[in-house]
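Undergrad: how would this look folded up:
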Amino acid sequence: MTSHSALPRIIHKSTVPPIVVMGVTSSGKSTVGMDVAAALGIPFADGDDLHPEANKAKMRAGNPLNDADRLPWLHLIGEYIEQQLAAGQPVVVACSALKRSYRDLLRGHVPSLVFVHLTGPADVILERMRARSHEFMPTALLTSQLATLEPLEPDERAILADITATPAEIVAEVEAHLPEFVDEALSATVVSTDHDDRELL
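TA: Below you'll find the model as predicted:
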């Protein structure tokens, strides 16, 4: 296992690429995201906090979001990461990013994004979901999210992590693979904020 103290010998904070920890609800995005950010010495943000109130109310009622609901939220997340990078600060953000089109939209803001996908058996995720209290994510929405999820494709900059591992083991896995993306992150440029919404539809 790669220790946190060994990280500076592998990858310097200034070259850490921005990271989105993705997956369905209750896969551990916030926990892992905070732990990864702490290990790397960079900020963490929970994408759920950026949801418009209308989205939160819809999910509280057990109604899944559609693309029209997600579009402004995803742009807010992309713009946040973009602004942080412009200030010289890489970040870790927790965001479901279930569809390829959603990930493409985020990459439209930040081409150097690395996605950490938390994957695992549906029954394990459901058990975790039942054991927690979430402000606006009833268990009924898990089926919808699993159906919506589009696996990462070979051309996407990504790290897969098994949710049955401990958070410390997942952090070590991320640390071990991040150096693979450093050179690409340094050469990638942040594109214009004039993004085409049609790519989501």
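
Undergrad: Name the residues that touch the longest helix along the chain?
TA: Determined from DSSP state H, the single longest helix within the chain is helix 67-86. Outside helix 67-86, the residues within contact range by CB atoms under 8 Å, 6 or more residues apart in numbering are 18, 20, 43, 45, 47, 50-52, 54-55, 58, 90-91, 93, 95, 101-102, 105-106, 108-110, 112-113, 190, 193, 195, 197, 200-201. In this view, the C-beta of every residue, glycine as well, is placed from N, C-alpha and C.

Undergrad: If we use 6 Å, what do you get?
TA: Under the criterion CB atoms under 6 Å, 6 or more residues apart in numbering, residues 18, 47, 50-51, 55, 91, 95, 102, 105-106, 109-110, 190, 200 lie in contact with helix 67-86.

Undergrad: ok, these vs residue 150, which is closest?
TA: The closest of the contacts of helix 67-86 to residue 150 turns out to be residue 102 (CB to CB; 8.7 Å).

Undergrad: Tell me the secondary structure of the closest one, please.
TA: Under the three-state scheme (DSSP: H, G, I helix; E, B strand; the rest coil), residue 102 adopts helix.

Undergrad: For it, report the pLDDT, please.
TA: Looking at residue 102, its pLDDT stands at 97.

Undergrad: And residue 66, by the same measure?
TA: 89.

Undergrad: and what of residue 157?
TA: Looking at residue 157, its pLDDT is 97.

Undergrad: I'd say it and residue 116 touch.
TA: No: using CB atoms under 6 Å, residue 157 makes no contact with residue 116, being 10.3 Å away.
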